[in-house]
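In: I'd like to go over a predicted model; first the sequence, then the structure.
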Amino acid sequence: MEIMSIDALMAQKMFIAGAKSLEANKEYINELNVFPVPDGDTGTNMTMTIMSAANEVAGLDNPNMEQVAKAISSGSLRGARGNSGVILSQLFRGFTRVIKVEQEITSDVFAQACVKAVETAYKAVMKPKEGTILTVAKGMQEKAVEMASNSEDLAVVIDEVIKYGDEVLDKTPDMLPVLKQAGVVDSGGQGLMTVMKGMYDALLGKEVDIKLEGAKPKIAVSADDMQVEEADIKFGYCTEFIINLKRAMSEETEDDFRAFLQSIGDSIVLVADDDIVKVHVHTNQPGEAFTRALTYGSLSRMKVDNMREEHHERLIKNAEKKAKELEEARKREAAPRKEAGFMAVAVGDGISEIFKSMDVDYIISGGQTMNPSTEDIIKGIDQINADTIYILPNNSNIILAAQQTEMLVEDKKIVVIPSKTIPQGISAMLGYIPGNSPEDNKESMIEAMSEVKSGEVTYSVRDTVIDGKDIKKGNIMGIGDEGIVAVGEDVTKTVVEMLETMVDEDSGIISIYYGEDITEGDANKLGDVISEKFSDVEVEVYPGGQPVYYYLTSVE
């Protein structure tokens with residue numbers, strides 16, 4: 001069938017279908033990550049990015065094209081997580097810049113939007129690398145321009161665009177040797193193709209489930225914030241118990257007992273087994289429920305909660321919470337605005353405490369195991385009362401999301417220090433000089449972090465070959481600034497082997513931050529081994545508390 005144009009309602013349906021397609025395939029995309037680390041999360045990051053936008057799109061009733069475009073752009077921009085998610089959000093941002101002024105999307109408009117999408121995404125990345133999602137997007141853009149000059153049928157145009165996108169994706173291992181070594185195509189490019197195919201299915205009218213669980217309603221109200229009058233609580237006691245039956249309860253007896261409970265209450269759950277019956281009921285006569293139940297057997301695990309009291313307690317708790325939030329906001333507003341404030345992304349109590357001791361104002365929980373979104377970072381910025389906010393992403397996959405805040409925050413100057421590791425972030429803080437301009441401090445902080453070498457130790461989640469190393473599932477890996485430098489079966493030996501590639505004649509300090517799965521005793525034993533191995537270097541051991549990574553290390 002010919003499809004000559006896409007209206008706003010179809011664009012809405014297609015976008016949600018694309019998001020659902022990505023969500024359904026995110027684990028497969030995660031498994032395509034080149035590094036076989038347990039936190040490979042391209043699929044997760046792209047899914048969380050697009051679902052942030054899909055929730056806004058799904059909340060629109062009978063929208064026009066401008067409204068759909070705005071929801072896609074703003075939702076994905078603020079929800080962007082990880083480099084792949086940020087690039088996806090920039091592709092959407094460029095695409096919607098073109099379609100927002102149109103009533104319908106024709107093949108010509110589609111081609112123009114694809115061109116703008118790729119242009120916008122490439123500009124967002126300081127050093128674009130071919131063989132990635134950008135290459136796949138560029139290939140589809142070129143095919144869209146070619147096809148638009150030959151056909152007005154969008155069914156034909158988009159079909160050919162997708163076919164060519166798959167061809168480019170299949171060639172990504174030839175563009176990036178690291179992909180060929182690992183035997184995978186680019187995960188970000190695979191994610192983009194998954195979105196496109198979901199959208200195309202919706203365009204063709206295929207049966208697609210576009211309902212979003214948890215889609216954002218127009219007005220969201222927390223149950224805790226609802227003003228419930230005591231009179232609204234018809235039955236005041238939440239009553240639970242177990243009947244230890246004298247004999248198995250017949251279906252007729254079970255029905256009679258359920259009917260009795262319905263006569264004295266509601267919210268009834270009655271689960272009968274051969275030996276026991278579990279009962280839950282809201283009633284004003286818990287004693288009557290107990291008395292009737294005793295005719296069937298003995299009772300245990302009896303529990304009665306006064307829901308009116310719980311309601312009062314919740315109201316008090318909510319009032320106290322709101323008062324605390326208002327007081328904290330008042331203090332922030334009343335306090336003199338600082339010249340500079342600092343935010344760091346970190347995970348683990350020990351790592352967080354180290355940053356706090358260095359006067360970091362706000363810690364965003366995240367990093368290797370969960371990349372915060374642009375919106376998460378903006379919320380953190382709002383908590384810091386300062387003219388200039390320095391952001392330490394401490395992860396290469398968070399830098400782009402942090403940089404997006406520079407164009408979204410208007411009342412404060414945002415300076416993103418491109419720290420890729422926790423040790424780099426710590427060193428960057430030491431490079432800050434009070435009184436210097438933001439530009440000078442950015443330079444000195446980047447210079448300070450360049451003087452530290454970082455290492456991370458974790459385990460492999462699959463067999464692969466990378467950086468010339470044959471890696472088996474379950475192997476311990478030592479990952480340096482330039483890639484995997486050590487592989488073994490013993491954590492201590494792998495740490496030492498990794499440090500041998502990092503320590504040189506100029507090294508003075510080795511810092512070890514141990515994770516949540518490592519005991520203090522084991523960490524100190526490792527410290528002793530390292531001290532003996534590198535006798536001319538001072539060794540310091542700190543509790544990091546980070547998940548997934550047994551140890552984080554730095555050499556200065």
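Out: Sure thing, it's come through.

In: okay, now L526: neighbour count?
Out: Using other Cβ atoms under 10 Å, L526 is surrounded by 22 other residues. To be clear about C-beta, it is placed using only N, CA and C from the backbone, and glycine gets the same treatment.

In: ditto for S84
Out: By other Cβ under 10 Å, 29 other residues sit near S84.

In: Report all helices and strands that the helix or strand containing it contacts.
Out: Assigned by DSSP states H and E, S84 belongs to helix 82-99. With contacts taken as 3 or more Cβ pairs under 8 Å, 6 or more residues apart in numbering; DSSP states H and E, helix 82-99 sits against helix 42-58, helix 65-79, helix 107-124, helix 133-148, helix 187-203, helix 399-408.

In: got the angle for that helix vs helix 399-408?
Out: 40 degrees (axes from the mean of the first three to the mean of the last three Cα atoms, to 10 degrees).

In: Ramachandran coordinates for the nearest residue to I426 once chain neighbours are set aside?
Out: Spatially, and ignoring its direct neighbours in sequence, I426 is nearest to I354 (6.5 Å; Cβ to Cβ, 6 or more residues apart in numbering). When read as degrees, to the nearest 10, the backbone of I354 gives phi -60, psi -50.

In: again with the one 4 residues further on
Out: The phi/psi pair for M358 (degrees, to the nearest 10) reads phi -100, psi 20.

In: ok, now how distant is it from A428?
Out: Distance from M358 to A428, counting by Cβ to Cβ, to the nearest Å: 10 Å.

In: who has more neighbours, those two?
Out: Applying other Cβ under 10 Å to M358 and A428 shows that A428 carries more neighbours, namely 28 against 15.

In: And what about that one, helix, strand or coil?
Out: At A428 the chain is in helix, as set by DSSP: H, G, I helix; E, B strand; the rest coil.

In: The closest residue in space to K420 that isn't next to it in sequence: neighbouring residues, count only.
Out: Among residues not flanking K420 along the chain, S396 sits closest, at 4.3 Å (Cβ to Cβ, 6+ apart). Number of residues near S396 (other Cβ under 10 Å) recorded here: 14.

In: so S396 sits in a strand?
Out: No. Read with three-state DSSP, S396 is coil and lies in no strand.

In: Quick check, it in contact with N83.
Out: Yes. Look at S396 against N83 with Cβ atoms under 8 Å: they come within range, at 7.4 Å.

In: one step back: save the helices and strands packed on helix 82-99 as a markdown table, and put in distance to K180 too.
Out: Listed next are those as a markdown table, based on distance: least, Cβ to Cβ, whole Å:
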| stretch | distance to K180 |
| --- | --- |
| helix 42-58 | 18 |
| helix 65-79 | 31 |
| helix 107-124 | 24 |
| helix 133-148 | 14 |
| helix 187-203 | 14 |
| helix 399-408 | 25 |
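
In: and A289, which of these is closest to it?
Out: For A289, the closest of those is helix 42-58, at 41.9 Å, according to Cβ to Cβ.

In: Strands of the stretch 151-300 of the chain, start to end?
Out: For the stretch 151-300 of the chain, applying DSSP state E, counting those that start in this stretch gives strands covering 237-245, 265-272, 276-283, 297-306.

In: per-stretch mean pLDDT over these, give me the minimum one.
Out: When these are ranked by mean pLDDT, strand 265-272 comes last with a mean of 81.

In: In its sheet, which strands sit next to that strand, and in what direction?
Out: strand 276-283 (antiparallel) (DSSP bridges).

In: Mind jotting down where the helices sit in the stretch 201-350 of the chain?
Out: 251-264, 286-293, 307-334, 349-357 (DSSP state H, counting those that start in this stretch).

In: Between the ones you listed, which has the poorest mean confidence score?
Out: If the helices of the stretch 201-350 of the chain are sorted by mean pLDDT, helix 307-334 sits at the bottom with a mean of 71.
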